[in-house]
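Enquirer: turn this into a model:
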Amino acid sequence: GDFCSSAQKTVNLLKTRLGEAVLTDFIGSRVMSWITYVLCVGVMFSAFAWAESLHDIGIIAELGIWGNFFVMLFMSGLIARPFFVLVIIVLIEDALAGQDIGDFRSVFNII
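Expert: The predicted structure follows:
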């Protein structure tokens, strides 16, 4: 008795509200996806600023507002391809191993 009445109520609810449920689910998942992406970019830029202050390098201050905007766009693209970026970092670090290149390595590690 109780299961069958619940099933009938569920079918009636889906008949009248299925479109709203699908739309709400779609919009909710898109909003959460974008919020997560923006949060990742914010955390990345905060870590970038923190690493700069540790190494006494002022890339953010030198670039200005528009330069930082384009850096954020570039790094947003990098966040979208994490495995590719990790492979590139490993290959570049392997190529730079044992070489005395001065400040370039610390700037590269920040980026």
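Enquirer: show me which positions of the strand or helix carrying Leu78 end up buried.
Expert: When elements are defined using DSSP states H and E, Leu78 is found to belong to helix 59-79. Judged by neighbour count (16 or more other C-beta atoms under 10 Å), helix 59-79 contains these buried residues: Ile59, Ile60, Asn68, Val71, Met75. For glycine as for every other residue, the C-beta is placed from the backbone atoms N, C-alpha and C.
Enquirer: between the residues you listed, which sits nearest Ser29?
Expert: Using C-beta to C-beta, Met75 is the member of those that lies nearest Ser29, at 24.0 Å.
Enquirer: I'd assumed Val41 was in contact with that closest one.
Expert: Yes: the pair Met75 and Val41 qualifies as a contact (C-beta atoms under 8 Å) at a distance of 6.8 Å.
Enquirer: next one: phi and psi at Asp100?
Expert: phi -90, psi 100 (degrees, to the nearest 10).
Enquirer: what about the helices in this protein?
Expert: Assignment of helices within the chain using DSSP state H yields the ranges 2-55, 59-79, 82-96, 103-110.
Enquirer: turn those into CSV, including mean pLDDT.
Expert: Output for these, formatted as CSV (pLDDT from 0 to 100):
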stretch, mean pLDDT
helix 2-55, 86
helix 59-79, 85
helix 82-96, 86
helix 103-110, 69
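Enquirer: returning to that earlier point: tabulate the buried residues of helix 59-79 (TSV), appending distance to Thr16.
Expert: As requested, the buried residues of helix 59-79 are arranged in TSV below (distance: C-beta to C-beta, whole Å):
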residue	distance to Thr16
Ile59	57
Ile60	53
Asn68	50
Val71	50
Met75	46
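Enquirer: just give me the closest of those residues to Asp25.
Expert: After measuring the buried residues of helix 59-79 against Asp25 - C-beta to C-beta - the closest member comes out as Met75, at 30.2 Å.
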